[in-house]
Every structure is written in C-alpha cells, then in structure tokens.
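Visitor: Have a look at this prediction, sequence included:
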Amino acid sequence: MRIMVQKFGGTSLSTVQAREHVLRHIKRELEAGLSLVVVVSAMGRRGEPYATDTLLDWTAQNGNAISARERDLLLCCGEIISATTLSSLLEHEGISTTVLTGAQAGFVTDDNFGNARILDVRPVRVLEQLEQGRVVIVTGFQGQTENGDFTTLGRGGSDTSATALGAALRAEMVDIYTDVNGILTADPRIVEDARPLTVVSYAEICNMAHHGAKVIHPRAVEIAMQAQIPVRVRSTFADSEGTLVTHPEGFQDVQTGIIDRYVTGIAYVSNVTQIAVEVPGGADRLQLKVFKTMAENSISVDFINVTPSGVVYTVFDSDSEKAIQVLQEIGLKPQSLSGCAKVSVIGGGINGVPGIMARIVESLTLADIQILQSADSNTTIWVLVKKEDMVQALRALHASFELHL
Ligand code: ADP
Ligand code: MG
C-alpha cells in the first residue's frame with residue numbers, strides 16, 4: 001500500500017469553492033493509486049461559525065470560566081464538523097470514506113489540556129480502513145488521554161497530527177495544503193514580493209517556524225524530520241507542487257539541482273517586551289536570580305544577552321506586567337520597552353560568511369530603523385526593533401538579501 005497523508009487547513013475548507021478544490025486534490029491522488037489519509041482542521045477563521053477561534057470566543061461570551069478539560073471537548077467539535085462535511089461530499093461523489101476522531105485514529109496524549117503532547121500514535125483502525133479501500137478522514141488537532149479524555153494539541157496542531165500520522169503509517173508523503181503557494185521567503189501578507197521556495201531542509205523550515213513563520217508548526221516538522229518523511233507545503237487553490245521539505249541530501253532529487261544559498265528567509269515575532277535589569281558594578285548572582293524568578297513564574301524568556309553588569313531579554317507583551325512585578329518583588333529595578341518585534345534572518349549558510357551582519361545593519365540604518373538588540377547563531381541573526389518599524393524592516397532585509405529574485 002502506498003500511503004499519502006493530506007492535511008487541509010481552515011481556509012481550505014471554509015467555502016463551497018474551497019471544498020471543491022479539496023475534492024480535486026483527493027481525487028487526483030486516488031487516481032494515482034495512493035491510499036489516502038486526510039487530516040482536517042476546523043473550517044474557516046475567527047468569526048466563521050465553526051472555526052476554533054469562534055468556539056473560543058463563544059466560551060468567552062459565557063464568562064470564560066470553562067475548565068481546560070471541558071474547553072478541549074468543545075474545541076474538538078470544530079474538526080468533527082469539518083471531517084463529517086468532507087465525508088459527505090466525498091460519498092456524494094461515490095468515494096467511500098470513514099471519519100475517525102483523533103482518539104479513534106490512535107492519538108494518545110498526556111493530559112496537558114489545550115497543549116497536549118503526543119505520547120503515542122497507534123493507527124490500527126486507520127490501517128484497517130485503508131486496507132478496505134476507504135479514504136480515512138481524521139480530525140486534526142486532537143487526541144485522547146489514556147483515561148479517554150479528549151485533548152487538543154495547541155496552535156498548529158493539525159500540522160502535527162498530519163506528520164505524526166505520516167510517521168506512524170510510514171507514509172510516502174505528507175502534503176500540507178494551505179492558502180499560500182508553499183513556504184515563501186517571508187510572510188506574503190507583509191512582504192508582497194516574497195517568493196515560494198522549491199525545496200527547504202527540515203532544519204531550515206524548523207528554524208523559520210520557530211522564529212515566527214506560521215505556515216507550518218515547528219513540532220510538525222520535527223516529527224517529520226525524525227521519521228524522515230518528506231513533506232510538501234502547497235496551495236489548495238492551485239496545482240503547483242509548492243515547497244518540498246526534506247533532508248539536504250534529498251535536494252538533488254529536485255530538478256532545480258543543488259541549492260546554494262546562505263539566506264533562506266525572513267521571519268518575525270511581534271508583541272514582545274524588552275526587559276533590562278542593570279546593576280552598576282555588577283551584583284552577586286543577579287543573572288541567576290532573574291532567570292530563576294522568570295522560570296518559577298512560568299514566564300518564557302527569549303533573546304537573552306548577559307553582561308557583567310546586567311541582563312537584557314524579551315518576554316511576550318502578555319507576560320510583561322507579571323515579569324516586571326515579580327522582578328520588583330525581589331528588589332530589582334527593571335526597565336521595560338513593550339511593543340517590540342523580533343525580526344530574524346534565517347539561513348543554513350550564514351555561519352562564517354563575512355559581511356552579513358554589516359548588510360543587516362546597513363539596510364536597517366538606511367531605512368532609519370533603530371536596532372534595539374541583536375544576537376546570532378550558526379543559522380540565524382536576530383534583531384529587535386520597535387513594532388512600528390517591523391514591516392519596513394522585513395521589507396528592507398528581504399530586498400537587501402535579494403530574496404525576491
Ligand atoms: P492553515 O489554516 O492552512 O493551517 P495558516 O494560517 O496556519 O494556514 O498558515 C498559512 C499562512 O502562513 C499564510 O497565509 C501566510 O500568511 C503565513 N505565513 C507566514 N510566514 C510564511 C512564509 N514564510 N511562507 C508562507 N506563508 C507564511
Ligand atoms: Mg496552520
């Protein structure tokens with residue numbers, strides 16, 4: 001059996017026309033002789049009747065006192081509606097289908113409701129149904145604890161469902177269908193001339209996703225990478241093959257030949273606050289105190305620069321008030337700047353190439369953008385800018401590295 005997993009995101013299922021495209025992709029792969037597992041997200045975006053965010057808004061309207069376990073039960077409805085809708089459309093065309101919930105498809109998770117971790121995937125029933133020649137439609141984003149409680153996998157969870165099933169079934173390919181033409185050099189909503197990449201390595205896209213490129217969830221990529229299952233990110237609304245995600249040795253398979261680039265793309269995370277704690281002359285174990293306090297209060301920190309006299313780091317804007325309060329409680333005087341954005345230039349080839357940082361500083365300076373902080377690793381250079389400068393910074397860097405070409 002040649003198994004393929006297809007995953008369709010919210011906008012790919014939200015309208016009659018979009019669902020016609022979905023049927024087209026399913027029929028094409030069936031005709032090519034593949035056994036199909038179709039993972040679906042809830043239909044549409046916030047405001048549309050059965051979208052995940054609409055369900056969350058619904059709980060907010062009712063006082064938001066719902067417990068995490070019960071909220072997950074509610075959220076699971078979105079994907080169930082989506083999966084059964086698709087099933088009826090396919091049956092209408094004479095294609096036999098079976099809908100399985102996350103639990104029925106074999107997803108076993110821990111009980112961290114709202115952001116559960118997959119412990120195991122036992123796709124016994126998926127295989128049974130595939131062997132009977134049926135298209136198996138699986139509700140994405142969800143699983144079940146060993147006790148039988150419904151859980152959800154957190155944002156982007158359907159991507160994770162798709163690659164985890166792909167890994168468990170040893171699928172030939174996992175196709176992630178979405179509303180853009182693959183993985184682009186930047187978010188096309190911000191950088192209009194962003195260009196689709198033909199092929200990227202698991203590491204490159206994982207890195208981009210971790211730095212804010214929300215086109216695929218990093219956890220999903222990590223699972224595919226471990227299992228060495230190729231993934232394609234492609235558009236529901238077109239016929240192009242989109243972006244192939246594979247290991248670097250797989251690059252030669254693609255017709256464009258060997259890829260030699262040092263910058264892959266540009267990503268961003270907005271709504272972060274810069275916090276600086278300075279102690280003139282340095283203080284005993286200041287750094288340790290700061291980070292221990294953040295950890296004890298479950299505040300996640302990023303972009304950390306440590307100097308002998310203090311520390312600078314970022315937290316999400318939503319955590320900043322608490323972060324400042326707990327620092328003050330231990331006698332420190334933090335300075336903070338909210339409304340910042342972290343802009344990342346990502347590429348496996350950045351390491352050791354002279355002049356990259358100079359180019360970043362030059363293009364931001366020419367655009368009159370102040371760099372509040374910077375850092376680098378083998379594969380990424382980050383700069384922190386004010387949020388109002390973010391769009392211009394992304395466009396300037398995209399142009400400077402000629403990513404549109
Ligand atoms: P889905 O509902 O199909 O899962 P998402 O909204 O999660 O769709 O992901 C697709 C969106 O990701 C695109 O509409 C695009 O705005 C955004 N995006 C951000 N960065 C990138 C990038 N580098 N390449 C492509 N899309 C990106
Ligand atoms: Mg998504």
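Guide: Arrived safely. Ligands and ions are numbered 1, 2, ... in the order given.
Visitor: after the top strand by length along the chain, next one along is what?
Guide: Criterion DSSP state E: the longest strand present in the chain is strand 265-278. Going down the chain from strand 265-278, the next helix or strand is helix 286-296, by DSSP states H and E.
Visitor: Which element is encountered next along the chain beyond that next one?
Guide: strand 302-307.
Visitor: contacting residues around that following strand?
Guide: Strand 302-307 is contacted by residues 272, 274, 287, 291, 311-315, 342, 373, 375, 382, 384 when judged by CB atoms under 8 Å, 6 or more residues apart in numbering. For the C-beta atoms, the positions are set from N, CA and C on the backbone; glycine is no exception.
Visitor: before we move on, what about stretch 233-245?
Guide: Residues outside stretch 233-245 that contact it (CB under 8 Å, 6+ apart): 8-9, 11-12, 18, 21-22, 25, 175-183, 196-202, 205, 215-216, 221, 224, 230-232, 250, 254.
Visitor: Just the ones in strands from the residues you listed, please.
Guide: Residues of those located in strands (DSSP E): 8, 175-178, 199-201, 231-232.
Visitor: Which two of the residues you listed have the greatest separation?
Guide: 8 and 201 (24.7 Å; CB to CB).
Visitor: Have a look at those two and say which one is more surrounded.
Guide: Higher neighbour count among residue 8 and residue 201: residue 8, with 29 against 20, using other CB atoms under 10 Å.
Visitor: What score does that one have for pLDDT?
Guide: You'll see residue 8 listed with a pLDDT of 98.
Visitor: Then residue 376?
Guide: pLDDT, residue 376: 89.
Visitor: so who does it touch?
Guide: Listed by CB under 8 Å, 6+ apart, the contact set of residue 376 reads 350, 357, 382.
Visitor: Residues in a beta bridge with it, which ones?
Guide: Per DSSP bridges, the residues bridged to residue 376 are residue 381.
Visitor: okay if I get the ones in strands among the contacts of stretch 233-245 as JSON lines plus distance to ligand 1?
Guide: Below are those laid out as JSON lines (distance: CB to the nearest ligand atom, whole Å):
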{"residue": "8", "distance to ligand 1": "7"}
{"residue": "175", "distance to ligand 1": "12"}
{"residue": "176", "distance to ligand 1": "7"}
{"residue": "177", "distance to ligand 1": "7"}
{"residue": "178", "distance to ligand 1": "3"}
{"residue": "199", "distance to ligand 1": "14"}
{"residue": "200", "distance to ligand 1": "10"}
{"residue": "201", "distance to ligand 1": "15"}
{"residue": "231", "distance to ligand 1": "13"}
{"residue": "232", "distance to ligand 1": "13"}
